[in-house]
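[1] quick one, structure for this:
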Amino acid sequence: VADSDIVVFPELCLSGYTCADLFAQPTLIHGCYRAVKRLARQSEGRKQLIVVGMPLPVGNSLYNTAVVISDGRVIGVVPKQTLPNYKEFYEGRWFRPANGNEPREVDLPGGSVPFGIDLLFECATVKTCPVVVGVEICEDLWVPLPPSSFQASAGATVLLNPSASNETIGKSQYRRDLVVGQSGRCMAAYAYAGSGPLESTTDVVFGGHSLIAENGRLLEESSRVGDGHVIHRESYWITQDVDVVVLLSDRRASTTFDQEGRYQKPVRRIADELSKETPGLKRFVSGTPFVPAEGPELHRRCAEIFGIQCAGLAKRIEQLPAGTSLNI
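    Now for the predicted structure:
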């Protein structure tokens, strides 16, 4: 991932998602502080946005958070808003949900940093437009109005989700549909990083499902537990290019995107910078983007075009005066 501009790790990856009552232990919290400090130090000199998950005490409360690191320092912390506390999930036992009334800053190794659900990260690039990044955490995506919807309305073009979604029968397809659908509704790129099978399996099994989607299209997907392939027992990653310029163009062309005033919320934009280097595309860009490759999809698309044309022609013919002769 050295040449990736943005890197997102799974939810609570610094501590582990399945620590249960150990989340309250000072030893675990201080271990996470040390890990953040070490990661920040190792990122120094890199124009790269890195997102990791950790439990973070704020006052008398403990939050499930995403810590955003860039070029040797923590530039912001986003807390989780929606805590699952049903069936196999017990997050409400250990964490407090964020609602916007939290302190605007928290102390981390290196000093005080912005904290809250209103943070966006505006990253300058070699291109004319900045990359604006929003972060939500796992269950935040599974609710009727995900935070990423508000983030996109406020200008975010890249949405990140550090997650710990366990595997149950059929859940992977629903998870995929959520990520792809949200990227389409938000006209954004959406990167989702799921916890893997090295987490504790006392109550559940995590599949390591990771996805990257762009404006309603799945660009990249990892293997996962239960997909029929060999289970990965080591760290792995996926990466892909996303076209922020095209996303902004699509938003301008879709005049309804910016009409929903109820989605407008005040945000704080944290300035950052990504690498000016362009190492080359990881993604194939077709010279005929509207023509699928030969195969079932091409035939389905041609049949759809033919059906639409026939319906339009039939309606026009119906409007002709009775007795009109047609030379076909």
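[2] tell me where the protein has helices.
    For the chain, the helices defined by DSSP state H cover 26-42, 91-94, 147-153, 171-185, 244-253, 296-318.
[3] and the residue nearest the centre of the chain, what is it in contact with?
    Centroid-nearest residue in the chain, with C-alpha atoms, centre = their mean: residue 160, separated by 2.9 Å. Residue 160 is in contact with 6, 8, 51, 66, 133-136, 190-191, 193, counting by C-beta atoms under 8 Å, 6 or more residues apart in numbering. C-beta coordinates here come from the backbone N, C-alpha and C atoms, glycine included.
[4] as JSON lines, these with distance to residue 254 and neighbour count would be great.
    Listed next are the contacts of residue 160 as JSON lines, based on distance: C-beta to C-beta, whole Å; neighbours: other C-beta atoms under 10 Å:
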{"residue": "6", "distance to residue 254": "24", "neighbour count": "22"}
{"residue": "8", "distance to residue 254": "26", "neighbour count": "28"}
{"residue": "51", "distance to residue 254": "28", "neighbour count": "26"}
{"residue": "66", "distance to residue 254": "29", "neighbour count": "27"}
{"residue": "133", "distance to residue 254": "21", "neighbour count": "29"}
{"residue": "134", "distance to residue 254": "19", "neighbour count": "27"}
{"residue": "135", "distance to residue 254": "24", "neighbour count": "30"}
{"residue": "136", "distance to residue 254": "22", "neighbour count": "27"}
{"residue": "190", "distance to residue 254": "17", "neighbour count": "31"}
{"residue": "191", "distance to residue 254": "22", "neighbour count": "28"}
{"residue": "193", "distance to residue 254": "28", "neighbour count": "28"}
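[5] now, which of those residues sits nearest residue 316?
    Within the contacts of residue 160, proximity to residue 316 (C-beta to C-beta) peaks at residue 190, which comes in at 41.6 Å.
[6] low-confidence ranges, the stretch 151-300 of the chain, go.
    260-263, 278 (pLDDT under 70).
[7] tell me where it has strands.
    158-163, 189-194, 210-214, 217-221, 268-273 (DSSP state E, counting those that start in this stretch).
[8] helices and strands around the second one, which ones?
    It refers to strand 189-194. In terms of contacts (3 or more C-beta pairs under 8 Å, 6 or more residues apart in numbering; DSSP states H and E), strand 189-194 is packed against strand 6-8, strand 158-163, helix 171-185, strand 210-214.
[9] what lies in contact with that strand?
    Outside strand 189-194, the residues within contact range by C-beta under 8 Å, 6+ apart are 6, 8-10, 141, 148, 157-165, 175, 179-180, 182-183, 206-215, 224, 242, 244, 247.
[10] which positions in stretch 117-132 come out as buried?
    Going by neighbour count (16 or more other C-beta atoms under 10 Å), the buried part of stretch 117-132 is 117-123, 125, 130-132.
[11] got it, and stretch 47-61?
    Buried, per 16+ other C-beta under 10 Å, within stretch 47-61: 47-56, 58.
[12] please state the offset of it from the chain centre?
    17 Å (C-alpha atoms, centre = their mean, to the nearest Å).
[13] swap in stretch 314-322?
    Centre to centre, stretch against its chain (C-alpha atoms, centre = their mean), the figure for stretch 314-322 is 50 Å.
[14] residues in contact with that stretch?
    Contacts of stretch 314-322 (C-beta under 8 Å, 6+ apart): residue 326.
[15] with only the CA atoms kept, save it in CSV.
    Taking Å, rounded to 0.1, in the frame of the first residue of the first chain, the C-alpha atoms of stretch 314-322 are listed here in CSV:
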residue,chain,number,x,y,z
ALA,A,314,-44.6,1.8,-31.6
LYS,A,315,-45.9,4.9,-29.8
ARG,A,316,-45.1,7.1,-32.7
ILE,A,317,-46.9,4.7,-35.2
GLU,A,318,-50.0,4.7,-32.9
GLN,A,319,-50.3,8.4,-33.4
LEU,A,320,-50.5,8.3,-37.2
PRO,A,321,-53.9,8.8,-38.8
ALA,A,322,-55.9,5.8,-39.6
